[in-house]
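1. need a 3D model of the following:
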Amino acid sequence: MKKYFVSALLLSAAGGAVADEVINENLVVTQRACIGVDCQDGEQFSFETLKVKGDSPQIYFKDTSNSGAFPRNDWQIGVSDEVAGSAASFFIEDTTHSRRVLEISPEGDVALGTMSVVVEDAISVGSESAQRRVTFVADAESDTDAVNLRTAQDVVSNLDVEAEAAELDAALSELNARLSALSARVSALEP
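-> Modelled structure (predicted):
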């Protein structure tokens with residue numbers, strides 16, 4: 001009798017255990033879904049189709065390809081909260097090499113590329129120790145557009161420095177002549 005009681009007790013305790021649910025076929029969700037530790041029964045949705053909810057929600061892309069013909073980088077996208085010297089941000093990270101390749105702050109500051117630093121009110125493509133070029137930049141059209149090397153060289157080559165220098169020389173010569181004439185008049189007035 002004692003043996004059956006212990007077995008029954010163990011079976012009833014196991015009934016409350018949580019196990020992973022494995023679905024071996026395609027899964028289609030025709031409404032909305034919430035994934036994460038902070039999702040609740042009766043979760044409220046607005047227009048979003050998918051919520052990823054937690055302290056620092058992230059989606060991890062694990063590449064399991066074994067062929068050398070395919071890239072083997074693993075990637076992660078997510079958000080991080082403000083913690084110990086690190087500002088809150090949305091990011092895309094190459095987890096294979098432990099480097100963030102895109103980071104956006106809540107204020108709209110953007111860092112593009114590995115080792116790029118988020119700079120206030122700027123789009124950063126590097127850091128002091130990892131400077132890089134911005135390539136394929138179109139010619140500037142508006143006052144607030146960035147200027148590429150081609151545009152800067154066009155501006156410099158179209159400057160008529162010789163004509164301006166000649167005008168300046170002529171103005172200086174005229175000024176010197178007037179000063180000489182004034183000096184001669186002052187000398188003539190002296191007793």
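
2. show me the shaky parts of this structure.
-> The model of the chain has pLDDT under 70 over residues 1-18, 83-86.

3. residue ranges for the helices of it, please.
-> Here the chain has its helices, by DSSP state H, at 2-14, 149-157, 161-189.

4. tell me the buried residues in the last one?
-> This means helix 161-189. Counting neighbours by 16 or more other CB atoms under 10 Å, one finds that helix 161-189 has no buried residues. For the C-beta atoms, the positions are set from N, CA and C on the backbone; glycine is no exception.

5. tell me how far that helix lies from the chain's centre.
-> Here helix 161-189 shows a centroid-to-chain-centroid distance of 57 Å under the convention CA atoms, centre = their mean, to the nearest Å.

6. packing partners for it?
-> Helix 161-189 sits against no helix or strand, with contacts defined as 3 or more CB pairs under 8 Å, 6 or more residues apart in numbering; DSSP states H and E.

7. that older thread, okay if I get the helices of the chain as TSV plus distance to Asn66?
-> Shown next, in TSV, are the helices of the chain (distance: least, CB to CB, whole Å):
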stretch	distance to Asn66
helix 2-14	37
helix 149-157	44
helix 161-189	64
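
8. of those helices, give the one that comes closest to Phe45.
-> Minimum separation from Phe45 across those (CB to CB) falls at helix 2-14, 34.6 Å.

9. against Ile123, how distant is Gln58?
-> Distance of Gln58 to Ile123, given as CB to CB, to the nearest Å: 24 Å.

10. if we can go back for a sec, what's the closest of the helices of the chain to Gly68?
-> Evaluated over the helices of the chain, closeness to Gly68 peaks at helix 149-157, with 38.4 Å, by CB to CB.

11. chain center to that closest one, what's the gap?
-> That offset, for helix 149-157, works out to 29 Å (CA atoms, centre = their mean).

12. buried stuff in that helix?
-> For helix 149-157, burial by neighbour count (16+ other CB under 10 Å) applies to Thr151.

13. got the contact list for Arg100?
-> Phe91, Ile92, Glu93, Asp94, Ala111, Thr114, Ser116 (CB atoms under 8 Å, 6 or more residues apart in numbering).
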